[in-house]
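[1] Attaching a predicted model along with its sequence, questions to come.
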Amino acid sequence: MILVLTVLIGLVITTGGCPPKPDGGEGEGEGEIQIPNLMGQLQTDAQAAIVAAGLAVGTIDNICSDIIAAGRVISTNPVVETSVSPGISVDLIVSTGPCSGEGEIKIDTIEELQLIGSDPAYPIDGNYVLTQDIDASATANWNNGAGFKPIGKFSGVFNGQDYIITNLTINRPDENYVGLFSYVSTSDKVMNIGLNGGAIMGHDRVGGLIGINSGQLTNCYVTGTVTGYGYEVGGLIGINSFGQLTNCYVTGAVIGYSGYVGGLVGSNYDGGVVTNCYATGAV
């Protein structure tokens, strides 16, 4: 017997198995393949993954996106985890980049990056794009050895466009809320940025990229060392409170001397969501 329950929104939930096929088979689903999660992948990598899964590449549509960098997958049709027969075509929607360049502030150098929130031309709630890789090695000698000063309570959009900041130094062992950004506000966005090498040091609530995150962090990574002498220390984020992390990773070591130390996030609470992220460094 098959029990069918219909809920108010029209969703039908069945229990007890599928009815037999006309040919006497065991039921639908046998030999089917789930659509892989391709969000954020380069188009070429996504196409290769589709073929490797035993499926076929369908049509490619391009639309703008303020979240996903140009050339990367926004979504698929059928959607992720849908079960389909082998050989079925999978359509891709691929980003062409931000939907509008209006109001964008370009960051070309580490000096310009440091101006965010401390110069009227670089407001804390601005819409920023990184235009090239940045060598931040000089920050080791800034501020009498304290290095880069974390960007304050950021409430805008920062799109790294898949560029990399190399050898950033923040050496502030007596300060809290330490990272490239000290704090990212609710509903604000940091995306498509990598911190390669370097060293980040603080006291409480220390992360390689963000001290406290309540916003949306997408396609980001950290490979350098992160050290905190107090509580809540993470390779990417010290505290993720109400924030959303998607497609991020950490490979650098994380060193903590008190409680709540993690390879990716020191503490995750208040509805913080982490999706498709990982850490491989020593903790």
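    Good, I have the coordinates. Residues are numbered from 1 along each chain as shown.
[2] Test my guess that Asp174 contacts Met201.
    No. Counting by C-beta atoms under 8 Å, Asp174 stays clear of Met201, with 9.9 Å between them. Every C-beta, even on glycine, is put in place using the N, C-alpha and C of the backbone.
[3] Name the nearest residue to Thr275, sequence neighbours excluded.
    Thr246 (4.8 Å; C-beta to C-beta, 6 or more residues apart in numbering).
[4] repeat for Thr59
    What sits nearest to Thr59 in space, not counting adjacent residues and going by C-beta to C-beta, 6+ apart, is Asp91, at 4.8 Å.
[5] for Phe148, same thing?
    Closest residue in space to Phe148, ignoring its immediate chain neighbours: Thr139 at 4.5 Å, by C-beta to C-beta, 6+ apart.
[6] number of nearby residues for the one you found?
    Using other C-beta atoms under 10 Å, Thr139 has 23 neighbouring residues.
[7] Equivalent analysis for Gly256, please.
    Per other C-beta under 10 Å, the neighbour tally for Gly256 reads 21.
[8] bridging residues for it?
    The partner list for Gly256 in beta bridges (DSSP bridges) reads Gly228.
[9] for Asn77, same thing?
    Residues in a beta bridge with Asn77, per DSSP bridges, are Asp91.
[10] Surely it and Asp91 touch.
    Yes. Proximity of Asn77 to Asp91 meets the contact threshold set by C-beta under 8 Å, at 4.2 Å.
[11] residues shared between the contacts of the two?
    Residues touching both Asn77 and Asp91 by C-beta atoms under 8 Å, 6 or more residues apart in numbering: Gly58.
[12] element containing the spatially most central residue of the chain?
    Residue closest to the mean C-alpha point of the chain, counted by C-alpha atoms, centre = their mean, is Thr218 at 2.4 Å. Thr218 belongs to strand 216-222 when assigned by DSSP states H and E.
[13] chain center to that strand, what's the gap?
    Its chain's C-alpha centre and that of strand 216-222 lie 3 Å apart, by C-alpha atoms, centre = their mean, to the nearest Å.
[14] what's it in contact with?
    With contacts defined as C-beta under 8 Å, 6+ apart, strand 216-222 is touched by 40, 67-69, 72, 160, 162, 184, 187-195, 208-210, 235-237, 243-252.
[15] please redo it, this time with the cut-off set to 6 Å
    Strand 216-222 is contacted from outside by 40, 67, 189-195, 208-209, 235-236, 244-250, 252, using C-beta atoms under 6 Å, 6 or more residues apart in numbering.
[16] Now do the same contact list for Gly266.
    Applying C-beta under 6 Å, 6+ apart to Gly266 gives the contacts Glu232, Val233, Gly234, Gly238, Tyr260.
[17] do that again at 10 Å, thanks
    Residues in contact with Gly266 (C-beta atoms under 10 Å, 6 or more residues apart in numbering) are 204-207, 211-212, 226, 228, 231-240, 254, 256, 259-260.
[18] tell me the secondary structure for the nearest residue to the residue nearest to the centre of the chain once chain neighbours are set aside?
    Leaving aside its sequence neighbours, Thr218 sits nearest to Met191 (C-beta to C-beta, 6+ apart; 4.3 Å). When classified by DSSP: H, G, I helix; E, B strand; the rest coil, Met191 comes out as strand.
[19] Report pLDDT for Met191.
    At Met191, the model reports a pLDDT of 95.
[20] wait, it sits on Ile68?
    Yes. The criterion here is C-beta atoms under 10 Å, and Met191 meets it with Ile68 at 7.9 Å.
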